[in-house]
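Visitor: what follows is a predicted structure for the sequence shown.
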Amino acid sequence: MNKVKKFFSSNIREISLIIVMIVIAIFVQIRSDGNFLSGENINDMLKETAVLAICAVGMMCVMVTGGIDLSIGAIMALGAMIGSTVLKGNQDLPNIVIVLISMGVGLVCGLINGTLVSRLRIIPIIATLGTMNIFRGVTYLVANGSWVKQQEMGQGFLGMATGSFLGINNLIIIAIVVYVVATFFMTKLRTGRKLYAVGNSEESARVSGIKTGRTLTMAYAILGAIAGLGGILYVCKYGVAQGETCVGYEMNVIAACVLGGVSVTGGTGRVPGVLLGAILLGMLNNAMPLIQISVFWQEAIRGLIILLSIIANTLIRRNVEMKALRRRNI
């Protein structure tokens, strides 16, 4: 009995998300005349959510350190635009080369952000707000007013998004692999646990021997590389690369993390929660048009849900801290 109670108390956030998802699914299924839970719609929803879920892992790495990166959408666009431009003139290049080029561009962008935050001690939201505009500007320069169209990418490249393995879409498989690696990194490796230590207290982490500057830089570098991957997959999925790619995407990624229980103040967040948060956001994006909610209300509803999630995260964290204080008094 104690084990069951401990399991529920330690996974309350994830269990709550699953319950919310079930309630939403039942409600929308009834309102949409049984279309929401059809196999085709579920498959489409997961494909639509895959890139968001991948990028949310990168944002989680930064948020658990107590930071945030508003430039993730611009990094996605820049990595994808450079990768697509290379592909445009070299369609015979292997897909993995294009992916690595995009990830490499994202990695460089992440290192720039990490350096600004860890070395120059610029507040993350200010540093990444500035680089967001810089990276977007460079994307426009690379694009030079033109688009890289579907015909210029080649079917082999586009097959990364449209193809499947064992009946599962490639984007979903890539997202699964990213989450397996992220779970191992965040829970099993000492390097991953350092991110939480810095987020809980940077000063305490420094005293305990953790090189906080290097850890912060690493977090932003990881986000950059993952954003580069997400960007090229996004372009692959929609078949076009242009200067406006992923504009505003950072808000969706941050929303997925917040819904998944990642604290905006750092130190808290788990990979399964982020996955559930991304799926929940994907469900909402898919469900609201199905039940004919006005586009004018959709953004308001998303904002309300994010606000409620932040309040819930704050209350849960405060409850945990109060219980820890009571145990110390005993």
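Guide: Ah, there it is. Numbering: from 1, shown residues only.

Visitor: distance-wise, check the most centrally placed residue in the chain relative to M153.
Guide: Residue closest to the mean C-alpha point of the chain, counted by C-alpha atoms, centre = their mean, is A56 at 1.1 Å. Per C-beta to C-beta, to the nearest Å, A56 is found 25 Å from M153. Using the backbone N, CA and C atoms, a C-beta is placed for each residue, glycine as well.

Visitor: show me what contacts the residue lying closest to L216 once chain neighbours are set aside?
Guide: Nearest residue to L216, sequence neighbours excluded (C-beta to C-beta, 6 or more residues apart in numbering): S118, at 3.9 Å. If a contact means C-beta atoms under 8 Å, 6 or more residues apart in numbering, then S118 has T212, G213, R214, L216, T217 as its contacts.

Visitor: next, count neighbours for the fourth one.
Guide: Just to be clear, that refers to L216. For L216, the tally of surrounding residues (other C-beta atoms under 10 Å) stands at 26.

Visitor: I'd guessed it sits against V117; true?
Guide: Yes - with contacts counted by C-beta atoms under 8 Å, L216 reaches V117, the gap being 5.7 Å.

Visitor: which neighbours do those two have in common?
Guide: G67.

Visitor: and the strands in this protein?
Guide: With DSSP state E as the criterion, the chain has strands at 164-165, 168-169.

Visitor: okay, now the sheet partners of the last one, with direction.
Guide: Right, strand 168-169. strand 164-165 (antiparallel) (DSSP bridges).

Visitor: who touches the strand it pairs with?
Guide: Looking at what lies outside strand 164-165 - C-beta under 8 Å, 6+ apart - the contacts are N170, I173.

Visitor: and that strand, average pLDDT?
Guide: The pLDDT scores in strand 164-165 average 84.

Visitor: go on, stretch 296-305?
Guide: On average, stretch 296-305 scores 80.

Visitor: buried residues in that stretch?
Guide: R302, I305 (16 or more other C-beta atoms under 10 Å).

Visitor: wait, isn't the residue nearest to the centre of the chain in contact with A278?
Guide: Yes - with contacts counted by C-beta under 8 Å, A56 reaches A278, the gap being 4.9 Å.

Visitor: now the common contact residues for these two.
Guide: A256, G260.

Visitor: quick one, what contacts Q298?
Guide: M288, P289.

Visitor: one more pass at 7 Å, please.
Guide: Applying C-beta atoms under 7 Å, 6 or more residues apart in numbering to Q298 gives the contacts M288.

Visitor: can you check S71 too?
Guide: Per C-beta under 7 Å, 6+ apart, neighbours of S71: N113, T128, T131, M132, F135.

Visitor: in helices, which of these appear?
Guide: Among the contacts of S71, DSSP state H puts N113, T128, T131, M132, F135 in helices.

Visitor: and the residue nearest to the centre of the chain, what's its pLDDT?
Guide: So A56 comes in at 95 (pLDDT).

Visitor: what segments of the stretch 151-300 of the chain are helices?
Guide: 155-162, 170-188, 190-200, 202-207, 212-238, 249-259, 271-290, 295-329 (DSSP state H, counting those that start in this stretch).

Visitor: quick one, which of those helices gets closest to G145.
Guide: Taking C-beta to C-beta, helix 212-238 is the member of the helices of the stretch 151-300 of the chain nearest to G145, at 17.3 Å.

Visitor: what angle sits between that closest one and helix 249-259?
Guide: Angle, helix 212-238 to helix 249-259, by axes from the mean of the first three to the mean of the last three C-alpha atoms, to 10 degrees: 110 degrees.

Visitor: just checking, what packs against helix 212-238?
Guide: Counting contacts by 3 or more C-beta pairs under 7 Å, 6 or more residues apart in numbering; DSSP states H and E, helix 212-238 packs against helix 39-63, helix 72-89, helix 95-118, helix 155-162, helix 170-188, helix 190-200, helix 202-207.

Visitor: what angle separates the longest one from helix 170-188?
Guide: The reference is to helix 39-63. 40 degrees.

Visitor: one more: the second one?
Guide: Orientation of helix 72-89 against helix 170-188 (the same axes, to 10 degrees) gives an angle of 130 degrees.

Visitor: what about helix 72-89, distance to the chain center?
Guide: 18 Å (C-alpha atoms, centre = their mean, to the nearest Å).

Visitor: pLDDT of it, averaged?
Guide: Per-residue scores along helix 72-89 average to 93.

Visitor: that helix: which residues count as buried?
Guide: Quick answer for helix 72-89 (16+ other C-beta under 10 Å): 72-85, 87-88.

Visitor: count of neighbours near the closest residue to I125 other than its chain neighbours?
Guide: Excluding the flanking residues, the one nearest I125 by C-beta to C-beta, 6+ apart is I68, at 5.6 Å. Neighbours of I68 under the rule other C-beta under 10 Å: 22.
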